[in-house]
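*Asks:* Structure for this input, please:
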Amino acid sequence: MDRPSSRSKQTHAASDGKWPTVPGQYPQTSVFPWPNISAPKPQQRSPSPVVVDPTVEKLLQWSAGIDKRIVEINQKLEFLLHETKAFRGMETHYKKLQEQTALGTNLANSCQRLDIHQQNILDTVQKLGKTMKQVESLSHDIDRLKGGNEVTVSIKPTR
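*Replies:* Okay, the predicted model is just below:
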C-alpha cells in the first residue's frame, strides 16, 4: 500500500519556472544576487584622497548656513511658543477677574475694593500710631504735673 507522496511530485511552478534539482534547495524568486558567505572576504582598499570641487564646497557651506538658520528659527519659535503660553495664562487669569461673584460684583471690582480697604487700614494704623504717641506723651505730662495736686486735662479732637 505504498503510495507515492504528494511532495515528490513537482506540479507547482516557481515564479521563474525553475524547480531545484537538489533536495533542500528553494526556487529562486528574485533576481537579487545573494553574497556567497563561504567565499573569502575581499580586502578593503585604502580610502583614496577626497578631492572636493570648489562649487561643491560652496554648496556645502551654503547648506550648513541654511541648517544653522533653521536651528536659530526653531529656537525663536520655541521662545515665541513659550511667551504665547505665558500670555494665554495671563489672559485666562484676567478673564476670570471679569467673572461675577456670588454678590454680583466683578472680581476686578472686588480686587480694587480690597486694595482700597487695605489702604484705609494702613492709614488707620498710622493714625492710631500717632494717637498712641500723643496719649503716651500726655500720660507722662500728667504724671509729672500730678505731684499731689489735682489736674484737669481736656483733649480737643482734631479733624
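*Asks:* Following the longest helix seen in the chain in sequence, what is the next regular element?
*Replies:* For the chain, the helix with the greatest residue count under DSSP state H is helix 54-97. Counting by DSSP states H and E, the element after helix 54-97 in chain order, helix or strand, is helix 107-146.
*Asks:* now that following helix against helix 54-97, angle please.
*Replies:* Counting by axes from the mean of the first three to the mean of the last three CA atoms, to 10 degrees, helix 107-146 points 60 degrees away from the direction of helix 54-97.
*Asks:* What residues sit buried inside helix 107-146?
*Replies:* Within helix 107-146, no residue counts as buried by 16 or more other CB atoms under 10 Å. (Glycine included, C-beta is placed from N, CA and C.)
*Asks:* so what secondary structure elements neighbour it?
*Replies:* helix 54-97 (3 or more CB pairs under 8 Å, 6 or more residues apart in numbering; DSSP states H and E).
*Asks:* Please name every helix or strand in contact with the helix it packs on.
*Replies:* Using 3+ CB pairs under 8 Å, 6+ apart, helix 54-97 sits against helix 107-146.
*Asks:* And this structure, split by domain according to the record?
*Replies:* Following the assignment in automatic domain parsing, the chain carries domains at 54-97, 106-145.
*Asks:* and the ones you listed, which one is worst for confidence?
*Replies:* The stretch with the lowest mean pLDDT among the domains of the chain is domain 106-145, at a mean of 83.
*Asks:* can you redo the domains of the chain as a markdown table with distance to S38?
*Replies:* Listed next are the domains of the chain as a markdown table, based on distance: least, CB to CB, whole Å:
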| stretch | distance to S38 |
| --- | --- |
| domain 54-97 | 41 |
| domain 106-145 | 84 |
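*Asks:* Nearest to K156, out of the ones you listed?
*Replies:* Of all the domains of the chain, domain 106-145 sits nearest to K156, with 11.6 Å by CB to CB.
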